[in-house]
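Asks: Build me a model from this:
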Amino acid sequence: MRRYRTLVTSGALVLLCINAAAQTPDSALRFFKQAQKKLAQGDFASAAEDFSRAIEISSRLDAPKRSVIDTSRGQNQFDAVDAAENIRVIDPFTAKAYAGRGVVKVRQGFLDDAMADFNAALRIDPRLANAYVNRGVINRTKGDFTAACADFDRAIAIDPKMFEPYTNRADVRLERGDVEGALKDIDRALTLAPSSAETHSLQGYALLVKKESESAIASFTRAIEINSHLASAYHGRGTAQFGRGEFEKAINDFNRALEINPDIAFAYMNRGLTFMMKGDETRAQQDFERCLTLKPELKAELARRIEMAKEVRKP
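Replies: This next block holds a predicted model:
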């Protein structure tokens, strides 16, 4: 099983609420509720096991009924793909259990397993909008933007009042260079969920691309007001302040971003460039090394930005 590193600007996953059918066994509901609590607590292995039990109880499977978690791999004996192929569903609630387990697998970084679970959920219930959103997040993470947008489009068609597919589709559009399309989706998402810190932060990044730094800073600040632990918002605001020559403010924001999430390669890059502009070559080099340790593929981009900074510093 391949484990994927969690992205800094990963999409917003959608958790499911319980809306069980009349025939859903009480024991399946109990395991589902337990799994949700364990997911919230970060106990992923136990959460996956409870979701698996909810799947087994609410379905008739050709696969063996017992499920044992291999915590070293984050996977059960009762494999998601095989089970999904052999399932004979007796309760549509099973789709929600598959989707819930898929969220756990995403949190663990096992995106292929998560994809199998979301696919299974959608085979059972093709109108499960949350599963489309979450599958779209995986497709976006893997770089399949076409498939990601198709999933977000489908989620919007099913439930146009969900803000998450708009935010996630905006992220993909921004990645593709469609800034105006991204901002339209962001406006729609904020109409539906004005208190979404992630959406305000994404708006800030879109405004940065448009070189509207003052408006970008306002968006990042709003995101931070809503969620003071959103690392991407501090990094974005620091980037905007760096561009305005406000180096001390930028360093403070990069520091805060890295306190929250020490694995943001771009934050090390940008903080290093800020130190470089201030003439602190030692600390700049330390940040550049840390950046490349996290993301060696940024070597060429880092070299390009260092040369640009040197040009700016020339008298």
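
Asks: could you give the mean pLDDT of the helix or strand hosting Leu207?
Replies: Taking DSSP states H and E as the definition, Leu207 sits inside helix 197-209. Here helix 197-209 scores 97 as its mean pLDDT.

Asks: Kindly provide the whole-number mean pLDDT of the following helix or strand past it.
Replies: Later in the chain than helix 197-209, the nearest helix or strand by DSSP H and E is helix 213-226. Mean pLDDT, computed over helix 213-226, is 98.

Asks: Give me the nearest residue to Phe220, chain neighbours excluded.
Replies: Arg237 (3.7 Å; Cβ to Cβ, 6 or more residues apart in numbering). All C-beta spots, glycine's among them, are computed from the backbone N, C-alpha and C.

Asks: ditto for His200
Replies: In this structure, His200 finds its nearest non-sequential neighbour in Ala223, 3.9 Å apart by Cβ to Cβ, 6+ apart.

Asks: How about Asp117?
Replies: Going by Cβ to Cβ, 6+ apart, Asp117 has Gly102 as its nearest residue, at 3.5 Å.

Asks: For Phe93, see how far away that neighbour is.
Replies: Distance of Gly102 to Phe93, computed by Cβ to Cβ, to the nearest Å: 15 Å.

Asks: With Tyr234 instead?
Replies: Relative to Phe93, Tyr234 is positioned 40 Å away (Cβ to Cβ).

Asks: swap in Arg222?
Replies: Noted for Arg222: a distance of 38 Å to Phe93, by Cβ to Cβ.

Asks: who's more crowded, the two?
Replies: Phe93 (26 against 19; other Cβ atoms under 10 Å).

Asks: pretty sure that one is touching Ile55, no?
Replies: No - the criterion here is Cβ atoms under 8 Å, and Phe93 misses it with Ile55 at 9.4 Å.

Asks: Pull the contacting residues for Ile57.
Replies: 25, 27-28, 31 (Cβ atoms under 8 Å, 6 or more residues apart in numbering).

Asks: how about CSV for these, with pLDDT, neighbour count and distance to Lys249 added?
Replies: Formatted as CSV, those follow (pLDDT from 0 to 100; neighbours: other Cβ atoms under 10 Å; distance: Cβ to Cβ, whole Å):
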residue, pLDDT, neighbour count, distance to Lys249
Pro25, 78, 15, 56
Ser27, 87, 13, 55
Ala28, 86, 23, 52
Phe31, 92, 22, 49
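
Asks: Among the residues you listed, which ones are in helices?
Replies: Among the contacts of Ile57, the members found in helices (DSSP state H) are 27-28, 31.

Asks: I appreciate the help and will end here.
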